[in-house]
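A.B. asks: Model the following, please.
(chains A and B)
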Amino acid sequence: MFDQALIEEALTLTIIGLSTAFSLLFFLSISIWIVGKLFADRSDQVPEGEASQEERNKALAASIAVATLVEIHENSAILPTPVPR
Amino acid sequence: MVLVGFAFMFLAVARNMEPYELLPIGLGIIVVNLPLTGMTVLPTEAQGVQGAGLFGIVFHYGLAFWNILPPLMFLGLGAGTDFGPLIANPRTLLLGAAAQIGIFAAFWGALATGIFDIREAAAIGIIGGADGPTTIFITAKLAPEILGITAVIAYSYVATVAFVQPPIMKLLTTENERMIEMKPLREVSRREKLIIPTVILVVVILLVPRSAPLISMFMIGNLLKESGVVPRLTQAASDVILYVATIFLMLTIGGQLVAERVFEFQTIVILGLGLAAFSAGTAGGVLFAKFMNLFFKDKINPLIGSAGVSAVPMAARTSHHLGQQANPKNFLLYHAMGPNAAGVIGSAAVAGVFLALIQG
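C.D. replies: As a prediction, the model looks like this:
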């Protein structure tokens, strides 16, 4: 079906094409990672071991929820207890 | 063929299927298939442009001879692209490389049929990149005789991403893999958005110089946008230039679709090979994401691998929808835009390799 020269040419194209795509994009991903390390906004980055802004927000939301529940629970003592039906 | 033109118009207008491409293509088909218009007569050395038809002139100078329309479209696409997701998670660039497997699957498939020579096989293979302007750019250079067919098939598959990709993505992933939640991406600084397109521009052109017309225009468009100092140029590139180029490109492609070219056995074969290319590219991206998960602690949802076939932004949307079906807390759209942009760079690089090695 194929002649030898065609197979060789097609194989060369495939190997060079795929290896170019992978090596190029791999090199670019490394370059982007390095540029990110050098030029990313430091203000956004959180040192390891410290809570991120999102984690702090979650903790704040949890503490507000607990405080609200405690408040409701304390107030419920002076409210009539609902009668189960 | 006039009926085919009307069918394209119907799909664009009534079904809203890729209207920006299918409507002008349909109109082009109708015009050139009416008798005695002479619209597609090409300029000749003897007569120059005097005896040529309008679509013939646009085809010759816009595509076959100067080939400036696809790079102009890349300028506009670059001006509308956000590299933020790719910069925030550079690992996803590799998914854009893996999805190029589809190009070579269709390339070998086309050669195996024995119908196509190596130039035509390369042009058909590029359909697997799911990148319309790149397909047109390569086909106009390597195999202009099948330009209309490959362009229409490329855009048709781009339009049907939402139907073609999901079964393959579901077949190759487990429910647990589809449920993987990815961490929100970090904010990307303006400096990064200015430096990285410049780095990509220089590196890609140094490594694959023949991809320069596409890559340089893409990055120039993007740098106009990211500079923030030339909003009118950015708007001109992403609006006026992009849409003017689209009108002429699509009308000209429609003008290539005459009955004797369309109703051929090889058209059906190209249709099948295009589907194979697109499917293989999708599978390549998904499987490579699973492969990467063997080495990384922060797992990648394999669904975003399919976005490596370009098809901006439909492939990314498909990843997002499937991710949401599996886990409503999954927001993959922004993550999938990384491989989407990488796919554009990857397919342009492969196109450059084809041009360098085949055209010489």
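
A.B. asks: Restrict stretch B:131-146 to CA atoms and write it as PDB.
C.D. replies: The C-alpha trace of stretch B:131-146 is given here as PDB (Å, rounded to 0.1, in the frame of the first residue of the first chain):
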ATOM      1  CA  ASP B 131      -8.400  25.300  14.300                       C
ATOM      2  CA  GLY B 132     -10.100  26.800  11.200                       C
ATOM      3  CA  PRO B 133      -7.600  29.500  10.300                       C
ATOM      4  CA  THR B 134      -4.700  27.100  10.700                       C
ATOM      5  CA  THR B 135      -6.400  24.500   8.500                       C
ATOM      6  CA  ILE B 136      -7.100  27.100   5.800                       C
ATOM      7  CA  PHE B 137      -3.500  28.500   6.000                       C
ATOM      8  CA  ILE B 138      -1.900  25.000   5.600                       C
ATOM      9  CA  THR B 139      -4.300  23.800   2.900                       C
ATOM     10  CA  ALA B 140      -4.000  27.000   0.900                       C
ATOM     11  CA  LYS B 141      -0.200  26.400   0.900                       C
ATOM     12  CA  LEU B 142       0.000  22.700   0.400                       C
ATOM     13  CA  ALA B 143      -3.200  21.500  -1.300                       C
ATOM     14  CA  PRO B 144      -5.400  24.400  -2.600                       C
ATOM     15  CA  GLU B 145      -7.500  22.000  -4.600                       C
ATOM     16  CA  ILE B 146      -9.100  20.700  -1.400                       C
END
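
A.B. asks: any bit of it sitting next to chain A?
C.D. replies: No. Using C-beta under 8 Å from any C-beta of the partner chain, stretch B:131-146 never reaches chain A; the gap is at least 11.8 Å. The C-beta positions use only the backbone N, C-alpha and C, and glycine is treated the same way.

A.B. asks: where do the helices sit along the stretch 151-300 of chain B?
C.D. replies: Here the stretch 151-300 of chain B has its helices, by DSSP state H, counting those that start in this stretch, at B:161-172, B:175-178, B:190-207, B:212-227, B:231-235, B:242-256, B:259-262, B:265-292.

A.B. asks: Could you tell me which residues make contact with the residue nearest the centre of chain B?
C.D. replies: Central residue of chain B (C-alpha atoms, centre = their mean): B:Asp131, 0.6 Å from the mean position. Counting by C-beta atoms under 8 Å, 6 or more residues apart in numbering or on different chains, B:Asp131 touches B:Ala154, B:Ser310, B:Ala311, B:Gly343, B:Val344, B:Ser347, B:Ala348.

A.B. asks: Checking the third one next. Helix, strand or coil?
C.D. replies: Put plainly, it is B:Ala311. coil (DSSP: H, G, I helix; E, B strand; the rest coil).

A.B. asks: Could you count how many residues lie near the closest residue to it other than its chain neighbours?
C.D. replies: Spatially, and ignoring its direct neighbours in sequence, B:Ala311 is nearest to B:Ala130 (4.1 Å; C-beta to C-beta, 6 or more residues apart in numbering or on different chains). Using other C-beta atoms under 10 Å in any protein chain shown, B:Ala130 is surrounded by 35 other residues.

A.B. asks: pLDDT below threshold where in chain B?
C.D. replies: Scanning chain B with the threshold set as pLDDT under 70 gives B:360.

A.B. asks: Say whether chain B is contacted by the helix ranked longest in chain A.
C.D. replies: Longest among the helix segments of chain A by residue count, using DSSP state H, is helix A:4-39. Yes. On the criterion C-beta under 8 Å from any C-beta, helix A:4-39 is in touch with chain B at A:6, A:9-10, A:12-14, A:16-18, A:20-22, A:24-33, A:35-36, A:39.

A.B. asks: what residues are up against the nearest residue to B:Leu207 once chain neighbours are set aside?
C.D. replies: Computed as C-beta to C-beta, 6+ apart, the closest residue to B:Leu207 that is not its neighbour in sequence is A:Leu24, at 5.6 Å. Residues near A:Leu24 by C-beta under 8 Å, 6+ apart: B:Ala97, B:Val203, B:Val204, B:Leu207, B:Val208, B:Ile345, B:Gly346, B:Ala349.

A.B. asks: which of the residues you listed has the most neighbours?
C.D. replies: The most neighbours of any of these, using other C-beta under 10 Å, belong to B:Gly346, which has 34 neighbours.

A.B. asks: That one against B:Phe288, yeah?
C.D. replies: No. Applying C-beta atoms under 8 Å, one finds B:Gly346 not in contact with B:Phe288, separated by 11.7 Å.

A.B. asks: circling back to that earlier point, chain A: which of the contacts of B:Asp131 is nearest?
C.D. replies: B:Ser347 (8.3 Å; C-beta to the nearest C-beta).

A.B. asks: pretty sure that closest one contacts B:Ser310?
C.D. replies: Yes. Under the criterion of C-beta under 8 Å, B:Ser347 makes contact with B:Ser310 at 5.9 Å.

A.B. asks: The stretch 1-150 of chain B against chain A: which residues are in contact?
C.D. replies: B:86-88, B:90-91, B:93-94, B:96-98, B:100-101, B:103-104, B:107-108, B:111-112, B:114, B:118, B:121-122.

A.B. asks: of these, buried ones?
C.D. replies: Buried subset of these (neighbour count, 16 or more other C-beta atoms under 10 Å in any protein chain shown): B:86-88, B:90-91, B:93-94, B:96-98, B:100-101, B:103-104, B:107-108, B:111, B:118, B:121-122.

A.B. asks: Might you list the low-confidence residue ranges for chain A?
C.D. replies: Counting by pLDDT under 70, chain A contains low-confidence ranges at A:1-2, A:42-55, A:70-85.

A.B. asks: quick revisit: find residues that contact each of B:Gly346 and B:Phe288.
C.D. replies: Counting by C-beta under 8 Å, 6+ apart, the residues touching both B:Gly346 and B:Phe288 are B:Ala97, B:Ala99, B:Gly308.

A.B. asks: Among those, which lie within helices?
C.D. replies: Those of those lying in helices (DSSP H): B:Ala97.

A.B. asks: Let me know the closest of the shared contacts of B:Gly346 and B:Phe288 to chain A.
C.D. replies: The nearest member of the shared contacts of B:Gly346 and B:Phe288 to chain A, counting by C-beta to the nearest C-beta, is B:Ala97 at 4.3 Å.

A.B. asks: I'd say that closest one and B:Ile345 touch.
C.D. replies: No. If you go by C-beta under 8 Å, B:Ala97 and B:Ile345 don't touch, sitting 9.0 Å apart.

A.B. asks: tell me, what's touching the two both at once?
C.D. replies: A:Leu24, A:Leu25.

A.B. asks: Many thanks, I have nothing further to ask.
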